[in-house]
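In: heads up, no residue letters with this:
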């Protein structure tokens, strides 16, 4: 059972971007620009040791990020696309 961290909670890095974009900041969700969301994503990923501190994250590089727990996720309903 992995510890709940950014690296174990999401199988793909773009899901983190989507969560930040939809929910932050708390008082005005969806008010951040895409560049601000990429910067926050890069910061959170770097603080969790998933990307280098100076790594640039954008629309092209974010999907390439390998999340540490990616292989531990499974489909709840095999044979059914969700």
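Out: That came in fine, so what should we check first? Since this is a predicted model, take the numbers as computed values, not measurements.

In: residues contacting the residue nearest the centre of the chain?
Out: By Cα atoms, centre = their mean, the chain has its centre lying nearest to residue 16, at 2.5 Å. Counting by Cβ atoms under 8 Å, 6 or more residues apart in numbering, residue 16 touches 6, 10, 41, 44, 45. In short, each C-beta sits where N, CA and C put it, glycine included.

In: ok, the first one touching residue 45?
Out: Think residue 6. Yes. In this structure residue 6 lies within contact range of residue 45 using Cβ atoms under 8 Å: 6.8 Å.

In: name the residue in these two with the higher neighbour count.
Out: Just comparing residue 6 and residue 45: by other Cβ atoms under 10 Å the higher neighbour count belongs to residue 45, 23 against 19.

In: quick one: that one from residue 28, how far?
Out: Separation of residue 45 from residue 28 (Cβ to Cβ, to the nearest Å): 23 Å.

In: one more: residue 39?
Out: For residue 39 relative to residue 28 (Cβ to Cβ), the value is 17 Å.
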